[in-house]
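**Q** Dropping a prediction and its sequence here:
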Amino acid sequence: MSVVVVCECKSRFELKDEFAGTLVECPSCGRTMTAGDASVATAVEDPIFGRDLYLLAQKVLRINESYVVADESGHPLLFVERPAHLLRGMLALVVGFVAAMMALVVMLIVIGPFMPELQENETSTLASVLSLLMMFVDIAVFVIVMMAAGKKRHVSFHGGANQSSPRVIEVLQDKKVQFPTRTFTVLDGSGEPIGMLSKNFLHSILRKHWTIRDGRGRPVATVREDSIILSLIRRVGAFVPLLRFMRTNFLFFKFGSDRELGEFRRKRTILDKYVLDLTTDPTRILDRRLAVAMAVMLDTAERR
């Protein structure tokens, strides 16, 4: 059993039953109240999200990215699927490549005639800078057009062992192309928004960084890689195959503070297996539905 506390500010959060009768602080407005008070709380049992520990395992040999979320004993709680849209993705690659080639031709027509003159006038440095700029522009055109031509990849969470079970959460990709911040809206089983997940690409250059917001758009938690040093080593791993097998762990913190709310750690296995441990958040500042959605996105959206 757990105690669900409803604050006067309409915020709702759950606590373990051992906190019934104790003073707790609302994570949204900071108001202090007594957990278990009949005027503000009721006792309910949530078989999926009324817990602090989750095991995640990616299913292999599937076109779509699929995961099983289980409890400590391995009993399946959720089946998660993110469609790959393989044919649409291949078409997007072709469209992006064609657009990049057309952009390159245009740049060569506009800038190309001036390149020999720049080199002859001992301004080869400027010529090199222009060549490098053309390369970056061409890559940007390829990426942007490819993303725009692709399809949004939403994530569905089903309350059972397969996709035929009722949907309890859905994570929607808000836009195909977003910079510098990409956002995902989290819906409950009835289609009501319960929060938002966002990643700022500029903040994530050296260390991956996400923000979790509640249904009102207020930041609740931040998620980042466990170590800046390991983060930099993992960036090198993109070019060194041996380093690609390094574990990537993430820590959850209460927004605006160093208070740790949980950890998402990768187990030492060949296949992707993870543990989402939220035992350091006994007052349930972080909605478990948002935490589980964030855990899945840390794997699938980071392309690991």
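**A** Great, that's in hand. Numbering: from 1, shown residues only.

**Q** Please list all residues in contact with T283.
**A** Contact partners of T283, counting by CB atoms under 8 Å, 6 or more residues apart in numbering, are F13, L15, F19, V24, E25, P27. In short, each C-beta sits where N, CA and C put it, glycine included.

**Q** Also Y54?
**A** Shown in contact with Y54 (CB under 8 Å, 6+ apart): V69, A70, D71, L77, V275, L276, V292, A295.

**Q** returning to what we had before: now, of the contacts of T283, which are buried?
**A** Among the contacts of T283, those scoring as buried are F13, L15, F19, V24, P27 (criterion: 16 or more other CB atoms under 10 Å).

**Q** any chance of these in a markdown table, plus pLDDT, secondary structure and distance to M107?
**A** What follows is the buried ones among the contacts of T283, written out as a markdown table (pLDDT from 0 to 100; DSSP: H, G, I helix; E, B strand; the rest coil; distance: CB to CB, whole Å):
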| residue | pLDDT | secondary structure | distance to M107 |
| --- | --- | --- | --- |
| F13 | 73 | strand | 54 |
| L15 | 76 | strand | 60 |
| F19 | 74 | helix | 63 |
| V24 | 78 | strand | 61 |
| P27 | 77 | coil | 51 |
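
**Q** what's the following helix or strand after the lowest-mean-pLDDT helix or strand in the chain?
**A** The helix or strand of the chain with the lowest confidence, counting by mean pLDDT, DSSP states H and E, is strand 41-44 at a mean of 39. Downstream of strand 41-44, the first helix or strand assigned by DSSP states H and E is strand 53-59.

**Q** mind listing what's buried in that next one?
**A** So for strand 53-59, counting by 16+ other CB under 10 Å, buried means Y54, L55, L56, A57, Q58.

**Q** what bridges to the first one?
**A** Counting by DSSP bridges, Y54 is bridged to L276.

**Q** Let me know the distance separating it from F264.
**A** For Y54, the distance to F264 (CB to CB, to the nearest Å) stands at 9 Å.

**Q** shared neighbours, those two?
**A** The contact lists of Y54 and F264 share V275, L276, A295, where a contact means CB under 8 Å, 6+ apart.

**Q** Nearest to P113 among the residues you listed?
**A** P113 lies nearest to A295 out of the shared contacts of Y54 and F264, by CB to CB, at 54.0 Å.

**Q** elements contacting the particular helix or strand that has V106 in it?
**A** Here V106, judged by DSSP H and E, is contained in helix 86-111. Contact analysis of helix 86-111 by 3 or more CB pairs under 8 Å, 6 or more residues apart in numbering; DSSP states H and E lists helix 124-149 as its packing neighbours.

**Q** average pLDDT across the helix it packs on?
**A** The average pLDDT within helix 124-149 is 87.

**Q** Tell me which helix or strand comes right after it.
**A** strand 155-158.

**Q** how far is that next one from where the chain is centred?
**A** 14 Å (CA atoms, centre = their mean, to the nearest Å).

**Q** Check stretch 275-290 too.
**A** Using CA atoms, centre = their mean, the offset of stretch 275-290 from its chain centre is 16 Å.

**Q** Over to stretch 20-39?
**A** Using CA atoms, centre = their mean, the offset of stretch 20-39 from its chain centre is 30 Å.

**Q** same check, this time on stretch 214-225
**A** That offset, for stretch 214-225, works out to 11 Å (CA atoms, centre = their mean).

**Q** the strands in the stretch 151-300 of the chain, which residues?
**A** Secondary structure of the stretch 151-300 of the chain, counting by DSSP state E, counting those that start in this stretch: strands at 155-158, 167-173, 181-188, 193-200, 209-214, 219-225, 250-254, 260-266, 273-277.

**Q** Relative to V94, which of the ones you listed is closest?
**A** Proximity to V94 (CB to CB) singles out strand 167-173 among the strands of the stretch 151-300 of the chain, at 21.5 Å.

**Q** Can you tell me the strand partners of the closest one and which way each runs?
**A** According to DSSP bridges, strand 167-173 forms sheet pairs with strand 155-158 (antiparallel), strand 181-188 (antiparallel).
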